[in-house]
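Colleague: Sequence below, structure please.
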Amino acid sequence: MTIIRSNRDILDPHMDSTPLATIDASNFGSLTFTGDVMLKRLPAEVFEKLQQTMRRGLPLDPAIANTVASAMKDWALEHGCTHYCHWFQPLTGATAEKHDAFFVPDGEGGAIAKFSGSALIRGEPDASSFPSGGIRDTYEARGYTAWDATSPAFILRTNSGATLCIPTAFVSWTGEALDKKTPLLRSIAAVSKHAMRILKFFGSDKGVSQVITTLGCEQEYFLINDEFYRERPDLRICERTLIGAHAPKGQQMHDHYFGSIPERVQAYMHAVERRLFELGVPVATRHNEVAPAQYELAPTFENANVATDHQMVMMHVMETCAPHFGLRCLLHEKPFAGINGSGKHNNWSISTDTGVNLLDPQEETHSNMQFLVFLCAVMRAVDLHADLLRASIASAANDHRLGANEAPPAIISIFMGEMLSDILDQLEKGEPKSTKKGGSLDLGSHILPNIPRHSGDRNRTSPFAFTGNKFEFRAVGSSAAVSWPNTVLNTIIAESLDFVATELEKKAGARPAPAQQQEAVWSVLKQIVSKHRRVLFDGDNYAPKWHKEAEKRGLPHLRSTAEALPILRSKKSLELFEKYGVLNNRELNARVDVLIETYIKTMGIEARMLTSLLKQQILPAALRYQTQLAETVVATKAARVSAPDTVIQLKKLVKMITDLRKAIAAVEQAESHHVAEPEKHAKFIHQKLVPAMEKARKASDALEAVIPDDLWTLPTYAEMLFVR
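Modeller: From the prediction side, this is the model:
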């Protein structure tokens, strides 16, 4: 096995790892068809019409499609593209693309480049081969991709060429959504509709065309040597280690977090950032995370629709860049047991298209009625629909992470912080009169300046925390496509904004006088706070006493994916998504079917991979060691030397091997058991198969601790996590 120890050992000459500081900032987004590129290549009137769609959410004018397509084609050809594709997000959780050539025969032995407005606006991929939850049968193949003009087209390059990628929605021939973008866009529109009512109530709607949700996702990931990845079948097939004894050192010394970034890792980060920089993805932060070999990359805030597309691009670039440096990027939520897993902290806010953040508390927060209305609407939404939020981040992978010491528990609660909690206390009693100030910190040295202190602390154990001017939904998994949890979040927020706007309008009218406005606001907010503040918790979310307290408050505790997913097809959920035009009943039921099927198949693959690994590698290694020990016992007895310890060691080993055989049989039995109803089968898997797999892992890990290194064929945790 070749061990790569630094970027000097391997560096792909085609992979530029130049630091961003050396790049001309004018080239930002040079592979993205937006901004200056469009301004230079499109007629002024066409550019303006396209901008109206991209920035103000106005309907796309079909008449401009041919002009845009021609300019886009010329730009793509100049950058070496030979093909284009409609790039979309089917229900697989990944992205999909069907490449079509720009060049067609001219009938005279040559070829000409063609790309029409109709080809830009609509594509026609096969809809029957993607998961559809029954919306499309195998014999019903027609589906459509529709250009999303609000998300910029971009060019993906490889060493062999380049392809123009056009972000699109993906729908059935019947018009039903088969993707994750379509319901996200619908949910953003629902938020906008009812947020605009509240802005109108406060007279803040002047010059505002729409309200958008904004998003910035912190992406956690692991990097290990590519050779180790290739030697681990469980990592290759399941993206996580199904067995593996803990390394002598894990994260207990807390020396990796924010530590010095290893040289080869930093070279990889530079390459990733450069590619993302060219693709217009505004990455801003990188650092070591808590676990050894774990890191984080985070972009700045963007329109949520564009941000979700950029998240998919980011994961693609991170994974494809890694092998150029002899590395493998692991995005799974829990690739290694016993140390922190990875999340994708979903920093969400709501803003006008004029750039006003509606969750910015400003200085005198207690008197900022508009902010408090939006804040309390979010609180109400999370309390009423905590079960839906939990279901939105449910997956087999995330089950390994939620509730462990690096992730919030499966109980959804909100952290508001000291300042906001105090204002909510005041609201419950009447009109709030004051805002707590953070003051400043004197660090006790005349060399160091006094620094301003925020009015409240942070809480890293909270699943849904207010962090200054946004909410951080920390429970989203690292491998997840963020479009789905944000669709759910937007939908419940839209419902709550609708409720609050309706109550305010009932009490004071759509555009009330100041006195009526104030009276209505304090009255409505007092009722909301009194009824829904049970979801607020600023303490330690890991503490057992909180779990008991949450149960007393009536907060849902859905511990597994098998428990959480059926919530999505409850009467309440179906009516909610239907009412706000996000998903009709058939579309939502289809998604639940796909999610449950994915869980069942994922666990089936993991179970079969585990038994294969145990039978083909672990058992043979254990039996070879048993043979060695037995031969040692025989040779020792032949020499008439007493060696009781070796005999005891052999007996213990035989017992451990027997335990492993029994555990393998139990996994195989549970995996082969089939329950006809998918929801019941998922529960069976959680209740029977998962414990059997954990028991088998425990038996294997115990053997790993005693089998000599020269007999153990798999890379160990100590190697994978600490050879950098």
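
Colleague: Which residue comes closest to Lys470 once chain neighbours are left out?
Modeller: With sequence-adjacent residues excluded and distances taken as CB to CB, 6 or more residues apart in numbering, Lys470 is closest to Ser349, at 3.9 Å. C-betas here are computed from N, CA, C, even on glycine.

Colleague: per-residue confidence for that neighbour?
Modeller: Per-residue pLDDT puts Ser349 at 97.

Colleague: Tabulate the CA atom coordinates of whichever strand or helix holds it in PDB.
Modeller: If you go by DSSP states H and E, Ser349 is part of strand 344-352. The C-alpha coordinates for strand 344-352 follow below in PDB (Å, rounded to 0.1, in the frame of the first residue of the first chain):
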ATOM      1  CA  LYS A 344     -24.500  20.900   7.300                       C
ATOM      2  CA  HIS A 345     -25.600  23.800   9.500                       C
ATOM      3  CA  ASN A 346     -28.500  25.400   7.700                       C
ATOM      4  CA  ASN A 347     -28.300  29.100   8.400                       C
ATOM      5  CA  TRP A 348     -31.700  30.500   7.300                       C
ATOM      6  CA  SER A 349     -33.100  34.000   7.200                       C
ATOM      7  CA  ILE A 350     -35.700  36.000   5.300                       C
ATOM      8  CA  SER A 351     -35.100  39.200   3.400                       C
ATOM      9  CA  THR A 352     -36.700  41.600   1.000                       C
END
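
Colleague: What is the distance between it and the centre of its chain?
Modeller: The chain centroid and the centroid of strand 344-352 are separated by 13 Å under CA atoms, centre = their mean, to the nearest Å.

Colleague: What of stretch 186-196?
Modeller: For stretch 186-196, the distance to the chain centre is 22 Å (CA atoms, centre = their mean).

Colleague: Can you point out the buried residues in that stretch?
Modeller: Neighbour-count burial for stretch 186-196 flags 186-196 (criterion: 16 or more other CB atoms under 10 Å).

Colleague: avg pLDDT for it?
Modeller: Rounded mean pLDDT across stretch 186-196 is 97.

Colleague: Just checking, which helix or strand of this protein averages the lowest pLDDT?
Modeller: Least confident helix or strand of the chain, by mean pLDDT, DSSP states H and E, is strand 111-113 with a mean of 70.

Colleague: What lies in contact with the helix or strand following it?
Modeller: Once the chain leaves strand 111-113, the next helix or strand it forms, by DSSP H and E, is helix 117-121. Applying CB atoms under 8 Å, 6 or more residues apart in numbering, the contact partners of helix 117-121 are 62, 64-69, 72, 84, 100, 146-147, 166.

Colleague: Okay, angle between the helix or strand hosting Leu223 and strand 344-352 too, please.
Modeller: Using DSSP H and E, Leu223 falls within strand 211-225. Strand 211-225 and strand 344-352 meet at an angle of 160 degrees, taking axes from the mean of the first three to the mean of the last three CA atoms, to 10 degrees as the criterion.

Colleague: Show me what the following helix or strand past strand 211-225 packs onto, helices and strands only.
Modeller: The C-terminal neighbour of strand 211-225 among helices and strands, as given by DSSP H and E, is helix 226-230. Here helix 226-230 touches helix 233-238, strand 327-330, going by 3 or more CB pairs under 8 Å, 6 or more residues apart in numbering; DSSP states H and E.

Colleague: Helix 226-230: which residues count as buried?
Modeller: Neighbour-count burial for helix 226-230 [16+ other CB under 10 Å]: 226-229.

Colleague: I'd like those written out as TSV, with pLDDT and distance to His532 added.
Modeller: Shown next, in TSV, are those (pLDDT from 0 to 100; distance: CB to CB, whole Å):
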residue	pLDDT	distance to His532
Asp226	97	50
Glu227	96	53
Phe228	97	49
Tyr229	97	47
